[in-house]
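# Pasting the sequence and the predicted coordinates here, then a few questions.
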Amino acid sequence: MTAGGPILLVDTATTRAVIALGAADGTLIEQRLWTAGYRHGEELLARIDALLADQGVALADLGALAVGTGPGAFTGLRVGIATAKALAHAMRLPIVGIPTGLALLDAAGAASPDDANLVLLQPAGPNDRSFLRPGETARILVGGTDPDLAPGERLVAVDLAARADERAVTLGDAAVDGLAMAMLATAARRLTAGDEDDLATLVPEYVTLPRGVRMPPTDDGVEMSGAGAKDGSA
């Protein structure tokens, strides 16, 4: 670890994986985005190695790691967080976990500064959607249930090209493009304040789990809304 060294960012909560290198003050140096599908385990470390090599940065030069904690689907989010935690442990680096949903809203706000009261909509499996309002717990909207928007709220839809309003999808695309900058800014503020995470307690927020694994109870961070909410049939 190098004091004041660059921050390596990893986020795999959306269908477009994001890795980035930022200065200690949160300034973006370079970001790389790609559609990972189910290949996170095969590609993530190789792409991190390529990013660092192209920037002339060794792992030992890093000052910290930042990782997105979701909400997101099981496969990608698990690999991203496990990879970041393994690197932090091996290199004795401080790590900060950043809620991807809130960072997406920050990025959307930066892309469209005239819009206030932004709320986030993301997929939660083939039919359900995850709805996040700042200051509240993310809720799963069972298929067919639309978010109950307050007056003046505007949707940011990520990974919902055919399942949300076109304007909301466009803003969601801009949010993903600006995600690295938003997350690095948050990471730098936290690291400067000495607010780093414990590897043992840094956990992801899943919106979907593998088949046969039930969603966690509602008091574990995800609420259910709409038909099927009472019996857990999301």
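Sure thing, it's come through. Keep in mind that this is a model prediction, so the values were computed, not measured.
# How is this protein divided into domains?
7-100+179-211, 101-175 (automatic domain parsing).
# For the residue nearest the centre of the chain, report the pLDDT, please.
Per CA atoms, centre = their mean, the C-alpha nearest to the average position across the chain is that of Thr100, at 2.7 Å. Thr100 is assigned a pLDDT of 97 by the prediction.
# Asp128 now?
91.
# got it, and Ile81?
Reported pLDDT for Ile81: 96.
# Nearest spatial neighbour of it, chain-adjacent residues omitted?
Leaving out its chain neighbours, the residue that sits closest to Ile81 by CB to CB, 6 or more residues apart in numbering is Pro204, at 5.0 Å. All C-beta spots, glycine's among them, are computed from the backbone N, C-alpha and C.
# Check the gap between that neighbour and Ala50 for me.
25 Å (CB to CB, to the nearest Å).
# The two: which has the busier surroundings?
Pro204 (23 against 12; other CB atoms under 10 Å).
# Make sure Tyr206 is actually in contact with Gly70.
Yes. Contact criterion CB atoms under 8 Å: Tyr206 and Gly70 qualify, at 6.5 Å.
# so what sits against both of these two?
Common neighbours of Tyr206 and Gly70, counting by CB atoms under 8 Å, 6 or more residues apart in numbering, are Leu77.
# If you count surrounding residues, which of these two has more?
Set Tyr206 next to Gly70 and count neighbours by other CB under 10 Å: Gly70 wins out with 29 against 25.
# What is the burial count for the nearest residue to that one once chain neighbours are set aside?
In space, and not counting its chain neighbours, Gly70 is closest to Glu205: 3.8 Å by CB to CB, 6+ apart. For Glu205, the neighbour count with other CB under 10 Å is 23.
# quick one: Glu205 and Ala73 touch, right?
No. Look at Glu205 against Ala73 with CB under 8 Å: they stay out of range, at 10.9 Å.
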